[in-house]
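>>> sequence and predicted model, in that order:
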Amino acid sequence: MITFSNWHIEAKGPFARQYDNLTWELRIEGSIPEGWDWDLMVKAKDNFNIIALSQEAGALSVLLSKEMLALSGYYTMQLRASQGEL
């Protein structure tokens, strides 16, 4: 799980493994501001992906697929919020 508080995030394990398919939900919980579109920018080795997140009361989430977790090793993630041109 990842916590969100006042635009600061903190990751807490456990985490998904390579090829996990539709068995692990990535959740970001906290006081999530309304009116923003949320994406997770993910880098693994030299590969980059943008994953759209669903928003519900107090959380952002995505059910991870094997395509999102196809590479071995560590993944670097950045949470991105956008609102039109912002």
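Here it is on my side, so go on. Numbering: from 1, shown residues only.
>>> okay, now Met68: neighbour count?
Using other CB atoms under 10 Å, Met68 has 20 other residues around it. Where C-beta positions appear, they are placed from N, C-alpha and C, glycine not excepted.
>>> and for Leu64?
That count, for Leu64 with other CB under 10 Å as the rule, works out to 20.
>>> so what's it up against?
By CB atoms under 8 Å, 6 or more residues apart in numbering, Leu64 lies in contact with 16, 20-22, 24-26.
>>> using the three-state scheme, assign the most centrally placed residue in the chain.
When CA atoms, centre = their mean is applied to the chain, the residue found nearest the centroid is Leu40 (4.4 Å). Classification of Leu40 using DSSP: H, G, I helix; E, B strand; the rest coil returns strand.
>>> right, and it touches Ser61 too?
No. With contacts counted by CB atoms under 8 Å, Leu40 stays clear of Ser61, the gap being 10.2 Å.
>>> returning to that earlier point: widest-spaced pair of the contacts of Leu64?
Largest separation among the contacts of Leu64 by CB to CB: Asn21 and Leu26, giving 13.5 Å.
>>> more crowded one of the two?
Leu26 (20 against 13).
>>> buried ones among the contacts of Leu64?
24, 26 (16 or more other CB atoms under 10 Å).
>>> where does this protein have its least confident helix or strand?
Least confident helix or strand, the chain: strand 8-11 with a mean of 82, by mean pLDDT, DSSP states H and E.
>>> can you list the strands that that strand pairs with?
strand 2-5 (antiparallel) (DSSP bridges).
>>> how distant is the partner strand from the center of its chain?
Distance of strand 2-5 from the chain centroid (CA atoms, centre = their mean, to the nearest Å) equals 11 Å.
>>> number the chain from 279, please
Right, with 279 as the first residue, what we last looked at is strand 280-283.
>>> now it: average pLDDT?
Mean pLDDT, computed over strand 280-283, is 86.
>>> stretch 337-356 too?
Stretch 337-356 comes out at a mean pLDDT of 91.
>>> list the buried ones in it?
337-338, 340, 342, 346-347, 353, 355.
>>> check stretch 308-326 too.
In stretch 308-326, counting by 16+ other CB under 10 Å, buried: 308, 310, 316-318, 320, 322.
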